[in-house]
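**Q** Predicted coordinates and the sequence they were generated for:
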Protein chains: 2
Amino acid sequence: MNSSHQSDIAPDTSAYGPLLIIGGHESKEGDCEILRRVVQHAGGGKIVVVTAASQEPDSEFDTYLKAFQRLGACDVRELRIELRAEALRPAACLEGAAAIFFSGGDQVRLSSVLGSTPVLETIQTLWANGCLIAGTSAGASIMSEIMIIGGESETSCRSETPLQMGAGFGFVGGVIIDQHFSQRGRFGRLLSAVAYNPACLGIGIDEDTAAFISNGTCLTVSGSGAVYILDGRSSTYSNVGSSAAASIVSISDVIVHSLCSGDTFDLRNSKRRL
Amino acid sequence: MNSSHQSDIAPDTSAYGPLLIIGGHESKEGDCEILRRVVQHAGGGKIVVVTAASQEPDSEFDTYLKAFQRLGACDVRELRIELRAEALRPAACLEGAAAIFFSGGDQVRLSSVLGSTPVLETIQTLWANGCLIAGTSAGASIMSEIMIIGGESETSCRSETPLQMGAGFGFVGGVIIDQHFSQRGRFGRLLSAVAYNPACLGIGIDEDTAAFISNGTCLTVSGSGAVYILDGRSSTYSNVGSSAAASIVSISDVIVHSLCSGDTFDLRNSKRRL
């Protein structure tokens, strides 16, 4: 039942489907640059909306059903999972899906209900065969192997109350994703996550903005905001883990990039593609 | 009448008084770590509170009078200036001041009322003779040669609506200061200021947090939050100034440091002192 990404040797996902990781509040009116990518990738095929993160799945699905239909999708289904027991049975609606969209809510609901289940395994098999995996807000955070599940916004993080982290679905390795990034003032929170996990790139995604990842490593930005990359791998100092009295997280020489629509970034070498 | 910092060759300010640059909402109860530094530096000498940034100078002065008196200050005066004409006359209350404190409000009121006036020249002379210059919120922004005077928080900055910048009082060169930094989600705004002015270090100061600058270059942090340094001098790419269509500000390889209470940073070489 364990999915392949949880094995010791990470699979080569470069031939898998692309990822569309959205910072929340993507436009559902007008051109819908971001949601249109889902419909385009599906190419007339089935789009499955996973509403498991939400406590109001009915209205959540209704919103995306209308948006995707307006953009030309003709086969949009909901994967409604409210209890973990439901994720232990095969989900017929997933069969042949061309795109899977994780809507927003609480990423802990997603991980606790779907983590390491046959339904998630089916999704991973679809992904390995080219299915697009998209997610917004909580559905964005869940994409990585480790994710932020709690921690204050609009403050600098204190070392005595480190961020709560949890296991995501592992569609993209070596990163930690935060959403609603500028709108909720989450720079301090993501910087703290990077200080605690310097091997991971921090990816902060604004609302109505998306990181599209193809070939497993090539990140391209779309939407009206920015995507921020926080690279702490070469940082020269951090007070995390020191025995000193509890204090604000302090770190030096983190390299930051901001990317706007059309910009491309190589996650493998952490460089902007010019 | 022009003050010396406006000449082409910047004066050596290393022997001048220190600066205490506060991100707003500094504690006025209990230990008052930050305001206590003002009283300590004054050492029984006169503290002058400049309320010119505020539209409610009475209550502003009253707040600081009580706080400084509670911390042991015995000579606290207000420099009340509401019109530029008042700043063209000598201000007797400044005579012999050991510490000058710019309270919060609107930094444009400060610069337009006091910029290039005899009163500011008197303050600069006092500073050159060892007087502490302190400022909170708007009084922090005014410390630099160029300052942010307008621009949205909690968003990524768009190149077609760049930040509004103005001239500060120039107590510290080569930097741009933003305040209420984490609390108002201003990372995107300060990063944009650095993209437009890559020769300047961005200094983002949290609420109840201060950067104490001595010898003109040695920055030490105090208070409950963090001070962030954004160094874009070695950035390898920015879309600012490009002829491309208007978009979100995009920049790469900005080096970021977060500093907590007790941390020291050398502004001259932009390095943390370990």
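**A** Done, it's in. Numbers count the residues shown, from 1 in each chain, chains lettered A, B, ... in the order given.
**Q** low-scoring stretches of the stretch 101-250 of chain A, by residue?
**A** Along the stretch 101-250 of chain A, segments meeting pLDDT under 70 span A:160, A:243-246.
**Q** Please, where are all the helices along it?
**A** For the stretch 101-250 of chain A, applying DSSP state H, counting those that start in this stretch gives helices covering A:107-114, A:118-128, A:138-141, A:187-196.
**Q** Relative to the whole chain's centre, how far out is the last one?
**A** Helix A:187-196 has its average C-alpha position 16 Å from the chain's average C-alpha position, going by CA atoms, centre = their mean, to the nearest Å.
**Q** hmm, who's touching that helix?
**A** Here helix A:187-196 makes contact (CB atoms under 8 Å, 6 or more residues apart in numbering or on different chains) with A:148, A:151-157, A:162-163, A:165, A:176, A:178, A:181, A:200-202, A:204, A:228, A:230-232, A:235, A:238, A:240, A:249, A:251, A:254, B:182, B:185, B:187, B:226, B:228, B:256, B:258. Every residue, glycine included, has its C-beta placed from N, CA and C.
**Q** can you give me the strands in the stretch 101-250 of chain A?
**A** Per DSSP state E, counting those that start in this stretch, the stretch 101-250 of chain A carries strands over the ranges A:132-136, A:146-150, A:164-167, A:175-178, A:201-205, A:209-214, A:218-223, A:227-231, A:237-238.
**Q** can you put these in JSON lines and add mean neighbour count and distance to chain B?
**A** As requested, those are arranged in JSON lines below (neighbours: other CB atoms under 10 Å in any protein chain shown; distance: least, CB to the nearest CB, whole Å):
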{"stretch": "strand A:132-136", "mean neighbour count": "28", "distance to chain B": "18"}
{"stretch": "strand A:146-150", "mean neighbour count": "20", "distance to chain B": "16"}
{"stretch": "strand A:164-167", "mean neighbour count": "15", "distance to chain B": "18"}
{"stretch": "strand A:175-178", "mean neighbour count": "26", "distance to chain B": "12"}
{"stretch": "strand A:201-205", "mean neighbour count": "28", "distance to chain B": "9"}
{"stretch": "strand A:209-214", "mean neighbour count": "25", "distance to chain B": "8"}
{"stretch": "strand A:218-223", "mean neighbour count": "21", "distance to chain B": "9"}
{"stretch": "strand A:227-231", "mean neighbour count": "24", "distance to chain B": "8"}
{"stretch": "strand A:237-238", "mean neighbour count": "18", "distance to chain B": "6"}
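**Q** how about CSV for those, with distance to residue B:211 added?
**A** Listed next are those as CSV, based on distance: least, CB to CB, whole Å:
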stretch, distance to residue B:211
strand A:132-136, 38
strand A:146-150, 28
strand A:164-167, 30
strand A:175-178, 26
strand A:201-205, 24
strand A:209-214, 32
strand A:218-223, 33
strand A:227-231, 22
strand A:237-238, 18
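**Q** The ones you listed: which one's closest to residue B:21?
**A** Proximity to residue B:21 (CB to CB) singles out strand A:237-238 among the strands of the stretch 101-250 of chain A, at 22.3 Å.
**Q** Could you find the closest non-adjacent residue to the closest residue to chain B within chain A?
**A** Nearest residue of chain A to chain B, counting by CB to the nearest CB: residue A:185, 2.7 Å away. Nearest non-adjacent residue to residue A:185, counting by CB to CB, 6 or more residues apart in numbering or on different chains: residue B:185, 2.7 Å away.
**Q** Quick check on residue A:94: phi, psi?
**A** Torsion angles at residue A:94 (phi, psi; degrees, to the nearest 10) stand at phi -80, psi -20.
**Q** show me what contacts it?
**A** Residue A:94 makes contact with A:48, A:79, A:100, A:119, A:122, A:123, A:126, according to CB under 8 Å, 6+ apart.
**Q** of all those, which comes closest to residue B:171?
**A** Nearest to residue B:171 among the contacts of residue A:94, counting by CB to CB, is residue A:100 at 56.1 Å.
**Q** and the angle for the helix or strand hosting that closest one with strand A:132-136?
**A** For residue A:100, the host element (DSSP states H and E) is strand A:97-102. Angle of strand A:97-102 versus strand A:132-136, following axes from the mean of the first three to the mean of the last three CA atoms, to 10 degrees, is 20 degrees.
**Q** Run the chain-centre distance for strand A:97-102.
**A** With CA atoms, centre = their mean, you get 14 Å for strand A:97-102.
**Q** Out of the contacts of residue A:94, flag the one nearest to residue A:89.
**A** Of all the contacts of residue A:94, residue A:119 has the smallest distance to residue A:89: 7.8 Å, by CB to CB.
**Q** How about the residues of the stretch 51-200 of chain A by chain B?
**A** Contacts of the stretch 51-200 of chain A with chain B, taken as CB under 8 Å from any CB of the partner chain, map to A:153, A:154, A:155, A:156, A:182, A:183, A:184, A:185, A:186, A:187, A:188, A:191.
**Q** quick check, nearest of the residues you listed to residue A:70?
**A** residue A:183 (24.9 Å).
**Q** Contact partners for the closest one?
**A** Listed by CB under 8 Å, 6+ apart, the contact set of residue A:183 reads A:24, A:25, A:206, A:207, B:154, B:155, B:185.
**Q** Name whatever forms a beta bridge with residue A:97.
**A** On the basis of DSSP bridges, residue A:97 is bridged to residue A:46.
**Q** Near residue A:131, how many other residues are there?
**A** Look at residue A:131: counted by other CB atoms under 10 Å in any protein chain shown, it has 25 neighbours.
**Q** ok, it to residue A:122 distance?
**A** 10 Å (CB to CB, to the nearest Å).
**Q** likewise residue A:95?
**A** Residue A:95 is 8 Å from residue A:122, where distance means CB to CB.
**Q** out of these two, which sits in the more crowded spot?
**A** Comparing residue A:95 with residue A:122 by other CB under 10 Å, the one with more neighbours is residue A:122, at 19 against 12.
**Q** now that one, nearest residue through space, not along the chain?
**A** Residue A:122 sits nearest to residue A:94 (CB to CB, 6+ apart), 5.2 Å away.
**Q** Could you check the pLDDT of that neighbour?
**A** Each residue has a pLDDT score; the one for residue A:94 is 98.
**Q** OK, contacts around residue A:250?
**A** Residue A:250 sits next to A:237, A:238, A:239, B:226, B:258, B:259, B:260, B:263 when contact means CB under 8 Å, 6+ apart.
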